[in-house]
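Novice: make a model of this:
(2 chains)
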Amino acid sequence: MKHHAIIRIAAKFLIPPILLFALYVQFHGDFGPGGGFQAGVLFAVGFILYALMSGLSDAQHALPMSAVRICLASGVLIYAGVGVVCMVLGGRFLEYDVLAKDGHSGQHLGILLVELGVGITVFGVMVAVFYAFAGRSREADR
Amino acid sequence: MVALAIVRTHNLVAVVMLSGIYSLVSAALFVILDAVDVAFTEAAVGAGISTILMLGTLALVGTEEHVVVKHRVVPVLVVLVTGAVLVYGTVDMPPFGAPHNPVHEHVAPRYLAETPERIGIPNVVTAVLASYRGYDTMGEVTVVFTAGVGVLLLLGRRRRRRDDPK
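Specialist: Here you go, the predicted structure:
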């Protein structure tokens, strides 16, 4: 798809808003529809669009597989880590009230962090699956 | 209708496109049912990512379905009987959308009443998902993670060449 100027330029215009919207969905999940799952998927779509536009090798140059693997694991780690921090601070597992001075901001912070973990893992999984499939087809072409 | 078209079509690219349309239609249905969060997920995951991944798969396996013309009576019977049993099961369900259905009188009123003062965020769906049901969501994330690891184990590595001794 490297030579289709229209597709390339359209994608170039689309990718930044997609990524920005993903971040909005991620951090606005407390107030409107959305949250980690959707944001992770949207962010991954932005990357996959880039990979479709400029080729898998460029995409893997921008975001190498090792980074994707780290994303994959660190999201779950953040989620469980928030739970453990709650326990250390004297609450129960995933009881966010103890994270800040009053319950509301503690809940807020906890939900934000947990959703961030969800988003990172979902993003990592989506990109990893796409890389796996796309890498396979390129090898099969050879 | 879309599902029927999927069954009847043999070109797999068309099938993938139709399933994307199916997802989009169900997302619209969820919006009508006031489930914006679910609709959002369905549109992003069902219509967006899965279509791309299915197209990626098609690039691997080819785009034409291997047509087998066989007319079996037993599978049709099984499907009909199962469907009839399921429909019979819905006869006892409470009327759709009635305010005194069990689902509306279990924990939902408590969540709706408590969320503003206990959690303090406007989106009750997020409050239920991340706070009241935090364990469930953690399980879901772990499932997603496990699925990703599984795909990586199956497909992520370089394929060894047949003639390669190693």
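
Novice: burial count for residue 128?
Specialist: I'll assume chain A. When neighbours are counted by other CB atoms under 10 Å in any protein chain shown, A:A128 registers 23. To be clear about C-beta, it is placed using only N, CA and C from the backbone, and glycine gets the same treatment.

Novice: not quite, go with chain B.
Specialist: Neighbour number of B:V128 under other CB under 10 Å is 19.

Novice: give the contact list for it.
Specialist: B:111, B:115 (CB atoms under 8 Å, 6 or more residues apart in numbering or on different chains).

Novice: give me the three-state assignment for it.
Specialist: Per DSSP: H, G, I helix; E, B strand; the rest coil, the local secondary structure of B:V128 is helix.

Novice: state which helix of chain B is the longest.
Specialist: helix B:12-32 (DSSP state H).

Novice: buried ones in that one, by neighbour count?
Specialist: B:12, B:15-20, B:22-24, B:26-27, B:30 (16 or more other CB atoms under 10 Å in any protein chain shown).

Novice: state the mean pLDDT of that helix.
Specialist: Summarised as a single mean, pLDDT over helix B:12-32 is 84.

Novice: that helix and chain A, any residue contact?
Specialist: No. Applying CB under 8 Å from any CB of the partner chain, one finds helix B:12-32 separated from chain A by no less than 10.0 Å.

Novice: continuing past that helix, what's the next helix or strand?
Specialist: helix B:36-41 (DSSP states H and E).

Novice: from the contact counts, what lies against that following helix?
Specialist: helix A:36-54, helix B:12-32 (3 or more CB pairs under 8 Å, 6 or more residues apart in numbering or on different chains; DSSP states H and E).

Novice: turn these into a markdown table, including distance to B:V45.
Specialist: Converted to a markdown table, the helices and strands packed on helix B:36-41 look like this (distance: least, CB to CB, whole Å):
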| stretch | distance to B:V45 |
| --- | --- |
| helix A:36-54 | 6 |
| helix B:12-32 | 8 |
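
Novice: for those helices, which one sits closest to B:V149?
Specialist: Judged by CB to CB, the one of the helices and strands packed on helix B:36-41 that comes nearest to B:V149 is helix A:36-54, at 16.0 Å.

Novice: I'd assumed A:T121 was in a strand, is it?
Specialist: No. Checked against three-state DSSP, A:T121 lies outside a strand; its state is helix.

Novice: identify the residues contacting it.
Specialist: A:40, A:71-76, A:79, B:141, B:144-145, B:148.

Novice: excluding its backbone neighbours, what's nearest residue 111?
Specialist: If you meant another chain, say so; for now it's chain A. B:A130 (4.3 Å; CB to CB, 6 or more residues apart in numbering or on different chains).

Novice: chain B, not that one
Specialist: B:V128 (5.6 Å).

Novice: and that neighbour, how far is that from chain A?
Specialist: 11 Å (CB to the nearest CB, to the nearest Å).

Novice: pLDDT value on that residue, please?
Specialist: pLDDT at B:V128 comes out at 74.

Novice: go on, A:V114?
Specialist: Reported pLDDT for A:V114: 85.

Novice: where's it, which helix or strand?
Specialist: helix A:103-141.

Novice: can you pull the buried residues of that helix?
Specialist: Buried residues in helix A:103-141 (16+ other CB under 10 Å): A:103-104, A:106-108, A:110-137.

Novice: now do stretch A:88-106
Specialist: Buried-residue list, stretch A:88-106, by 16+ other CB under 10 Å: A:91, A:94-99, A:103-104, A:106.

Novice: among these, which one has the lowest pLDDT?
Specialist: Minimum confidence in the buried residues of stretch A:88-106 sits at A:G103, scoring 69.

Novice: what separates the helix or strand bottoming out on mean pLDDT in chain A from the chain centre, distance-wise?
Specialist: Using mean pLDDT, DSSP states H and E, the weakest-scoring helix or strand in chain A turns out to be helix A:103-141, at a mean of 80. The chain centre lies 4 Å from the centre of helix A:103-141; the measure is CA atoms, centre = their mean, to the nearest Å.

Novice: relative to helix A:36-54, how tilted is it?
Specialist: 30 degrees (axes from the mean of the first three to the mean of the last three CA atoms, to 10 degrees).

Novice: which SSE is the residue nearest to A:F43 when sequence neighbours are not counted in?
Specialist: What sits nearest to A:F43 in space, not counting adjacent residues and going by CB to CB, 6+ apart, is A:A22, at 4.0 Å. Following DSSP H and E, one finds A:A22 within helix A:5-27.

Novice: now that helix - C-alpha only, CSV.
Specialist: The C-alpha trace of helix A:5-27 is given here as CSV (Å, rounded to 0.1, in the frame of the first residue of the first chain):
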residue,chain,number,x,y,z
ALA,A,5,-1.0,8.5,-2.1
ILE,A,6,-4.6,9.1,-1.2
ILE,A,7,-4.7,6.3,1.4
ARG,A,8,-1.4,7.3,2.8
ILE,A,9,-2.4,11.0,3.3
ALA,A,10,-5.8,10.1,4.6
ALA,A,11,-4.3,7.7,7.1
LYS,A,12,-1.8,10.4,8.1
PHE,A,13,-4.6,12.7,8.9
LEU,A,14,-6.6,10.1,10.7
ILE,A,15,-4.0,8.5,13.0
PRO,A,16,-3.3,11.5,15.4
PRO,A,17,-7.1,12.1,16.1
ILE,A,18,-7.5,8.3,16.6
LEU,A,19,-4.7,8.2,19.1
LEU,A,20,-5.9,11.4,20.8
PHE,A,21,-9.5,10.1,21.0
ALA,A,22,-8.2,6.8,22.5
LEU,A,23,-6.5,8.8,25.2
TYR,A,24,-9.7,10.8,25.8
VAL,A,25,-11.7,7.6,26.1
GLN,A,26,-9.1,6.2,28.5
PHE,A,27,-9.0,9.1,30.9
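
Novice: all set now, cheers.
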